[in-house]
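Participant: only the shape, not the letters, is given here:
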């Protein structure tokens, strides 16, 4: 069965610090998709990124970057120079064929 | 450009009843996915529809069903409601199915409470 583990339940940082959210996944499928979502206090889920299993290229989008390593089954998310508006719960997810699994989420609090 | 809309936003039902939730995707988007979020089980995938066809279904009992119309609007139905069905139901739209889309857009969700 597939599994997504976000070992960090809560992280608290001070504004402008860099923070990395960890995501480790398990799957036997060779074709799969990895996602990161953000859920701010307002509750509306926001899609951040989708990465397919054949594309290990890291991605950078502004202050956000993602490190996908198949060798360690990890898809980590780094926020550089964090801001208060980054405070949210972040979910990592894995999808293949008919199955999609979410991690339990990491609650990030950025203090001013 | 209007975002994803979900109706109703809040709903209170009693055990045994059935409920229908609606999702209107962004204009031009042909794929709609549904998710359930509860404090206990977290986020779970319910279904994915594309061009009126269910493409994928999560591990939910048959009481949970859905459909998509020719205008891409989607509905999900839960019959014989149980207390554990109380959740936030989220809908997301995208241009295409997961293998092809670049971005998903989520609606605000429908908060269902089962008493």
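Facilitator: Looks like it came in fine. All figures in this text were calculated on a predicted structure; none of them were measured in a lab.

Participant: distance from the chain centre to the longest strand along chain A, please.
Facilitator: Under DSSP state E, the strand in chain A containing the largest number of residues is strand A:88-96. Its chain's C-alpha centre and that of strand A:88-96 lie 6 Å apart, by CA atoms, centre = their mean, to the nearest Å.

Participant: likewise stretch B:85-93?
Facilitator: 5 Å.

Participant: what of stretch A:96-112?
Facilitator: Put simply, stretch A:96-112 sits 6 Å off its chain's centre (CA atoms, centre = their mean).

Participant: hmm, that stretch touching chain B?
Facilitator: Yes: on the criterion CB under 8 Å from any CB of the partner chain, stretch A:96-112 is in touch with chain B at A:97-105. C-beta coordinates here come from the backbone N, C-alpha and C atoms, glycine included.

Participant: in that stretch, what counts as buried?
Facilitator: Neighbour-count burial for stretch A:96-112 flags A:96, A:99-106, A:108, A:110 (criterion: 16 or more other CB atoms under 10 Å in any protein chain shown).

Participant: write out the residues of chain A neighbouring chain B.
Facilitator: For chain A, the contact set with chain B under CB under 8 Å from any CB comprises A:33, A:43-47, A:50, A:52, A:91, A:93, A:95, A:97-105.

Participant: coming back round to it: the longest strand of chain A packs against which elements?
Facilitator: Using 3 or more CB pairs under 8 Å, 6 or more residues apart in numbering or on different chains; DSSP states H and E, the elements in contact with strand A:88-96 are strand A:3-5, strand A:33-39, strand A:74-79, strand A:99-102, strand A:106-111, strand B:42-50.

Participant: if you average pLDDT over stretch B:61-77, what comes out?
Facilitator: The predicted model assigns stretch B:61-77 a mean pLDDT of 97.

Participant: residues in contact with it?
Facilitator: By CB atoms under 8 Å, 6 or more residues apart in numbering or on different chains, the residues outside stretch B:61-77 that reach it are B:18-25, B:29-30, B:32, B:34, B:46-47, B:49-54, B:78-80, B:89, B:91, B:93.

Participant: hmm, 6 Å instead?
Facilitator: Stretch B:61-77 is contacted by residues B:20-25, B:30, B:32, B:34, B:47, B:49, B:52, B:78-80 when judged by CB atoms under 6 Å, 6 or more residues apart in numbering or on different chains.

Participant: ok, stretch B:5-25 next?
Facilitator: Contacting residues not belonging to stretch B:5-25 are listed as B:4, B:32, B:72-81, B:89, B:91, B:93, B:107, B:110-115 [CB under 6 Å, 6+ apart].

Participant: how far off centre is the helix or strand bottoming out on mean pLDDT in chain A?
Facilitator: Least confident helix or strand, chain A: strand A:59-61 with a mean of 88, by mean pLDDT, DSSP states H and E. Counting by CA atoms, centre = their mean, strand A:59-61 is centred 13 Å from the centre of its parent chain.
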